[in-house]
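# Pasted the sequence and its predicted model underneath.
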Amino acid sequence: MTTKSTTTKKTSKTKAEVVKGPTQTLPSLPKNPFMFEILDAVSKQRTKSKKVQVLKKYEEVPLKMILIWNFDESVISALPSGEVPYSQYDEQTTSSGTLSTKLSQEIRNMHETGSFSLGVSDKEGKTTIRRECKRFYHFIKGGNDAMSNIRRESMFINLLEGLHPLEAEIVCLIKDKKLSEKYNITQEVVAEAYPDIKWGGRS
């Protein structure tokens with residue numbers, strides 16, 4: 001009887017350890033994840049330390065670029081704030097709302113169908129923030145001030161239309177420094193994860 005009791009205790013302890021284990025592991029994303037996948041993984045962590053760990057795990061230049069644009073007050077967008085209009089007049093007259101509205105509808109559809117993969121977006125010729133972030137300087141004051149506002153806004157709209165919808169949403173959010181409205185992440189968390197980022201003095 002003593003032997004049975006000891007065995008039972010060991011079994012229940014093992015079960016407790018198995019249940020506890022997964023909560024301590026960091027999320028595992030595919031190779032070269034979307035920025036929205038990284039931000040979503042960070043957002044889902046319940047503690048500041050876990051958020052920092054996820055940011056460190058998936059550290060890369062494009063991610064830092066969008067976080068700096070969003071949180072650094074010295075980075076000023078050279079684009080109008082608010083919703084983004086359509087690029088073509090004909091499309092605007094035949095479609096309801098703005099490009100921002102269209103993106104929201106596409107994202108809603110993706111949530112409903114559970115279709116977020118790059119494979120799906122590739123068939124539609126979509127791209128990613130990782131590939132396009134080299135063009136971001138055009139949209140920030142001091143980056144390419146010689147460019148006309150019309151040209152800049154047209155380039156921005158083309159960029160959004162070419163991006164995966166959830167990537168485009170991120171660019172729209174950081175343009176107005178509203179990333180935290182969608183993702184549970186703060187400048188304090190970013191600063192702790194990436195102490196090499198120098199804040200301020202960019203404009």
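On my side now, so go ahead. Residues are numbered from 1 along each chain as shown.
# And the contacts of stretch 192-203?
Contacts to stretch 192-203, defined as CB atoms under 8 Å, 6 or more residues apart in numbering, come from residues 48, 51-52, 55-56, 59, 64, 67-68, 71-76, 141-142, 187, 190-191. Yep, even glycine has a C-beta here, placed from its N, CA and C like the rest.
# and with 7 Å instead?
For stretch 192-203, the external contacting residues (CB atoms under 7 Å, 6 or more residues apart in numbering) are 52, 55-56, 59, 64, 68, 72, 74-76, 141-142, 191.
# and if you look at stretch 65-84?
Defining contact as CB under 7 Å, 6+ apart, one finds that stretch 65-84 is touched by 35, 98-100, 129, 133, 136, 139-141, 152-153, 156-157, 160, 170, 172, 174-177, 179, 187, 190, 197, 199-203.
# cool, and stretch 36-43?
Applying CB under 7 Å, 6+ apart, the external contacts of stretch 36-43 come out as 27, 29, 51, 54-55, 58, 63, 166-167, 170, 183-185.
# if we can go back for a sec, of the contacts of stretch 65-84, grab the buried ones for ChimeraX.
For anyone working in ChimeraX, the buried entries among the contacts of stretch 65-84, judged by 16 or more other CB atoms under 10 Å, can be selected with:
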select :35,99,100,129,133,136,139,140,152,153,156,157,160,170,172,174,175,177,179,187,190,202
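# so what's the closest residue to residue 155 other than its chain neighbours up against?
The shortest distance from residue 155 to any residue that is not its chain neighbour, by CB to CB, 6 or more residues apart in numbering, is 6.0 Å, and that residue is residue 138. When the contact criterion is CB under 7 Å, 6+ apart, the partners of residue 138 are 144, 147, 152, 155.
# and what of residue 130?
Contacts for residue 130 were tallied using CB under 7 Å, 6+ apart; they are 32, 62.
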